[in-house]
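Undergrad: Need the 3D shape of this:
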Amino acid sequence: MRQVNVLLETGQTQNLSSLLNKHRSSDIAEVVELLDNEQRRIIFNVLDKELSAEVLEKVDEATRAELFELFRAEELSSLVCRLDPDDAADLLAELPEEQITRVLEHIAPEESAKIKDLMKYSEDSAGGIMDPVVISVPEDATVTEAVDKIRAVEIDEDFFSVYVVDKAGKFLGDVRIRLLLTSPANTKISSLVDPDTIYVTADADQEEVRNIFSKNDLIVVPVLNKNHKLIGRITADRIIEVAEEEAAEDLYAMAGTDADELEDVSVFHAARIRMTWLLPCLIGTGVTALVMMFFKNYNPMIYVVAVAFVPMIAAISGNAGLQTSAIVVSGLATGHLAALRLSQVFTREARIALLVGISCGIIGALIRAFLPALLGNPSDANFVEHLRFVSAFGIGMFSAIMVATTLGLFLPFLFRRIGIDPAISSGPLVTTANDSISVAIYMTLTLLLAT
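TA: A predicted model of the protein is given here:
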């Protein structure tokens, strides 16, 4: 980075070109993200076009949004056409509709058509992440004919099998390259095809595709349309990218923000997105305060004694619910069979919550019983009253944990059913709701048992 800065400052563009064109696109992308627009312009001027296209594809979304403003439509087209169709479609999807049209106008019709076809699919679907370049042969072809077709096809991507289709173009299965190399030249492809080849449909969600790869240890999977015709393939390297995207999305959701804040370098843009999540939390904490004020007005004496232990109730029950939610969200994300059966998960988590609730209730009650005395500040007028407060705290802790765990268990399934990312159930909105509910439970039990 230091050497690049020196060459930029001294205007040694030829040396800069020699330096950068020896490095990988991923390394150059990291450098580009740290530069200003004027320096980025110089970098792209000295890079080879092929390398420039790869760098544009690898930089983060916020940097890419700024680069889009630097390039004219013709220049952007010259970079996009050097990318694989699936990468080109993903990149163009970040542009406004009118700019996409201008860029595609400067790309060869055949390549433009491939990109447009991919852009018809949702970016989170199998069709949206597939590579449309595949090698297929008819079922009545011989091994020699299949090998000749492979040799004739201009493809710079690795491939691991040849797909077989019938006369109507419908997918029948695949033939591994190993079989093509070891079978006699006149062997019919139909005798080598694996009819149990795992495939996905174009409308399958990318998370579902990722789980299929994981469960079956796949390197590549064919993609079929609704008519069972072969339209593309998805390779393991693309699935690694999908896994990273899904993990990042879940992390953002659990933190109460959104990946959209990375699309713009503006701090105001990021702050607006975060406040979208935090404002409901402010309202939620206001509800908690309202609950506390209600109990203070109802019985000030009990309120004063009970309020010191409210944070303990809220924190422990909230974390217990978060633990359950994290386990369920992870199970749903990975497609684990046990996580897809609500009754089975409920049976397991209910027993765990029962043990945790009893343990925390007893330990919390002991803390509630002896902590005031240790501080030389007895909280209750007599032993019976003290015992009531301790009992209220222990039962309140147990009840709050059970309620929080129930929410942590059911909400991810509910959100998944209605089409919302289950990771939101681990976010600040739900934890805020947990706080309000747990405080209300504790204070209500304190009033009932201590009066």
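Undergrad: where in the stretch 51-200 of the chain is pLDDT low?
TA: Counting by pLDDT under 70, the stretch 51-200 of the chain contains low-confidence residues at 154-157.
Undergrad: my bad, should have said the stretch 251-400 of the chain
TA: In the stretch 251-400 of the chain (pLDDT under 70), the answer is 251-266, 269, 333-341, 375-382.
Undergrad: try 50 this time
TA: Scanning the stretch 251-400 of the chain with the threshold set as pLDDT under 50 gives 337.
Undergrad: And the strands in the stretch 251-400 of the chain, which stretches?
TA: Along the stretch 251-400 of the chain, counting by DSSP state E, counting those that start in this stretch, no stretch forms strands.
Undergrad: Quick check: which element contains residue 171?
TA: With secondary structure defined by DSSP states H and E, residue 171 is part of strand 171-176.
Undergrad: for the following helix or strand past that strand, the distance to its chain's centre please.
TA: Of the helices and strands lying after strand 171-176 in sequence (DSSP H and E), the nearest is helix 177-182. Its chain's C-alpha centre lies 38 Å from the corresponding centre of helix 177-182 when counted by Cα atoms, centre = their mean, to the nearest Å.
Undergrad: Quick one: residues in contact with the strand holding residue 171.
TA: Counting contacts by Cβ atoms under 8 Å, 6 or more residues apart in numbering, the residues outside strand 171-176 that touch it are 139, 146, 160-166, 189-190, 192-197, 199, 222, 224, 228-230. The way it works is simple: take the backbone N, C-alpha and C, and place the C-beta from them, glycine included.
Undergrad: Next up, the contacts around residue 445.
TA: 392, 395, 396, 399.
Undergrad: between those residues, which has the most around it?
TA: Neighbours were tallied for each of those (criterion: other Cβ atoms under 10 Å), and the maximum of 29 neighbours falls on residue 396.
Undergrad: and that one, what does it touch?
TA: Applying Cβ under 8 Å, 6+ apart as the definition, the contact partners of residue 396 turn out to be 313, 438, 441, 442, 445, 446.
Undergrad: and the fifth one, what helix or strand is that in?
TA: Using DSSP H and E, residue 445 sits within helix 428-450.
Undergrad: Please tell me how far that helix is from the chain's geometric centre.
TA: Counting by Cα atoms, centre = their mean, helix 428-450 comes out at 32 Å from the chain centroid.
Undergrad: So for it, what gets flagged as buried?
TA: By 16 or more other Cβ atoms under 10 Å, the buried positions in helix 428-450 come out as 428-443, 445-447, 449-450.
Undergrad: can you check stretch 87-103 too?
TA: Counting neighbours by 16+ other Cβ under 10 Å, the buried set in stretch 87-103 is 87, 88, 89, 90, 91, 92, 95, 100, 103.
Undergrad: Which of the residues you listed sits closest to residue 366?
TA: Closest approach to residue 366 among the buried residues of stretch 87-103 (Cβ to Cβ): residue 90, at 56.8 Å.
Undergrad: The closest one - that's part of a helix, no?
TA: Yes: the secondary structure assignment for residue 90 places it in a helix, going by DSSP: H, G, I helix; E, B strand; the rest coil.
Undergrad: ok so, going back, kindly export the strand holding residue 171 (C-alpha atoms) in PDB.
TA: The C-alpha trace of strand 171-176 is given here as PDB (Å, rounded to 0.1, in the frame of the first residue of the first chain):
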ATOM      1  CA  PHE A 171     -32.200 -33.400 -18.400                       C
ATOM      2  CA  LEU A 172     -31.500 -37.100 -17.900                       C
ATOM      3  CA  GLY A 173     -28.400 -37.100 -15.600                       C
ATOM      4  CA  ASP A 174     -24.600 -36.600 -15.800                       C
ATOM      5  CA  VAL A 175     -21.500 -38.600 -16.800                       C
ATOM      6  CA  ARG A 176     -18.400 -38.100 -14.800                       C
END
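Undergrad: chain center to that strand: distance?
TA: In terms of Cα atoms, centre = their mean, the centre of strand 171-176 is found 32 Å from the chain centre.
Undergrad: Pull out the buried residues from that strand.
TA: Along strand 171-176, these residues count as buried under the neighbour rule (16+ other Cβ under 10 Å): 171, 172, 173, 174, 175.
Undergrad: Ok, stretch 63-73 next?
TA: Of the residues in stretch 63-73, those buried (16+ other Cβ under 10 Å) are 63, 64, 65, 66, 67, 68, 71.
Undergrad: now, the most widely separated pair of the residues you listed?
TA: Using Cβ to Cβ, the pair of these lying farthest apart is 63 and 71, separated by 12.8 Å.
Undergrad: quick one: contacts for the residue nearest to residue 84 when sequence neighbours are not counted?
TA: The spatially closest residue to residue 84, leaving aside those adjacent along the chain, is residue 131, at 6.2 Å (Cβ to Cβ, 6 or more residues apart in numbering). Residues in contact with residue 131 (Cβ under 8 Å, 6+ apart) are 84, 85, 86, 157, 232, 233, 234, 235, 238.
Undergrad: how much space between residue 131 and residue 94?
TA: According to Cβ to Cβ, to the nearest Å, residue 131 and residue 94 sit 19 Å apart.
Undergrad: and if you look at residue 66?
TA: 12 Å.
Undergrad: Next: residue 147.
TA: Distance, residue 147 to residue 94, by Cβ to Cβ: 40 Å.
Undergrad: do residue 400 as well
TA: Using Cβ to Cβ, residue 400 is found at 44 Å from residue 94.
Undergrad: Same check on residue 405?
TA: With Cβ to Cβ as the criterion, residue 405 and residue 94 are 40 Å apart.
Undergrad: which element is the closest residue to residue 430 other than its chain neighbours on?
TA: On the basis of Cβ to Cβ, 6+ apart, the spatially nearest residue to residue 430 that is not a chain neighbour turns out to be residue 411, at 6.2 Å. Assigning secondary structure by DSSP H and E places residue 411 in helix 383-417.
Undergrad: For that helix, buried residues please.
TA: Those buried within helix 383-417 under the rule 16+ other Cβ under 10 Å are 386, 388-413, 415-416.
Undergrad: again with stretch 133-140
TA: For stretch 133-140, the buried set under the neighbour-count rule, 16+ other Cβ under 10 Å, comprises 133, 134, 135, 136, 137, 138.
Undergrad: Next step: those residues restricted to strands.
TA: 136, 137, 138 (DSSP state E).
Undergrad: show me the residues around the closest residue to the last one other than its chain neighbours that make contact.
TA: In space, residue 138 comes closest to residue 165 once its chain neighbours are excluded; the distance is 6.4 Å by Cβ to Cβ, 6+ apart. Counting by Cβ under 8 Å, 6+ apart, residue 165 makes contact with 136, 137, 138, 139, 171, 172, 229, 230.
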